[in-house]
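Visitor: Please work out how this folds:
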Amino acid sequence: REALLDVLGESKGQLRRSSSMQGLIGTQDDGMEFDGEVKLHVYHLAKAVKAVGLPIYHTALEVYHKEHYYCVEGIQCCYPRGYGQGVHKLAVSLGRTKMNSVRVEQAIKKLHAKWPGKDYKLLSHNCQTFAVELAQILVPSAAIPGEYCRFAGTVSKPKAAPTTLLGGIAAAG
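Guide: Reported below is the predicted structural model:
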């Protein structure tokens, strides 16, 4: 664990890239290979399920060894499988991004204005909606399985599909 913390670095609870990782990650999108796998992490929210009686999942996207999600505090990140408010259920590979880590961080930074914590809504503008949008930026052909974005107000389809909005599906049948 100490070696992992040393590689990833840690500052005031925020993840940062340590200088030792710089050689592992490309800084230009020049066709070089780099670890740009994007994974959807799904967490079971037992307390919310009991309160509402519906299967509610928290979702987050992992890319470059950071898991990004949206909550009442805005866009946040943690270590993969490190979201502390639910039980990790599974991780689904969505494909590989063609963006390097610097461009990914820039893209996420641009999303902060659109995703302030004060705008969080449990059944609409939420972690699932954020995961759908971020997935489309990172891997345009990716589709998040419908059962994990039922509270996103959309069913995730690749951008190439002409119908991306199918209306809000409130719960599983």
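Visitor: ranges for the strands of this structure?
Guide: Taking DSSP state E to define them, one finds strands in the chain at 10-11, 14-15, 37-44, 57-63, 66-71, 74-78, 87-96.
Visitor: highest average neighbour count across the ones you listed?
Guide: The highest mean neighbour count among the strands of the chain, using mean count of other CB atoms under 10 Å, belongs to strand 57-63: a mean of 26. Every residue, glycine included, has its C-beta placed from N, CA and C.
Visitor: so that strand versus strand 37-44, what angle?
Guide: 160 degrees (axes from the mean of the first three to the mean of the last three CA atoms, to 10 degrees).
Visitor: neighbouring contacts of strand 57-63?
Guide: The contact list for strand 57-63 (CB atoms under 8 Å, 6 or more residues apart in numbering) reads 36-45, 67-69, 78, 80, 83, 85-86, 89, 91, 94, 97, 101, 104, 127-128, 130-131, 134-135, 138, 144, 147-149.
Visitor: Name every strand pairing with it and say which way it goes.
Guide: Strand pairing for strand 57-63, using DSSP bridges, gives strand 37-44 (antiparallel), strand 66-71 (antiparallel).
Visitor: Could I get the average pLDDT for that strand?
Guide: Averaging pLDDT along strand 57-63 gives 95.
Visitor: what does stretch 80-94 give?
Guide: Averaged across stretch 80-94, pLDDT comes to 92.
Visitor: can you list contacts of it?
Guide: Outside stretch 80-94, the residues within contact range by CB under 8 Å, 6+ apart are 37-46, 57-58, 60-62, 65-67, 69, 78, 135, 138-139, 142-145, 148.
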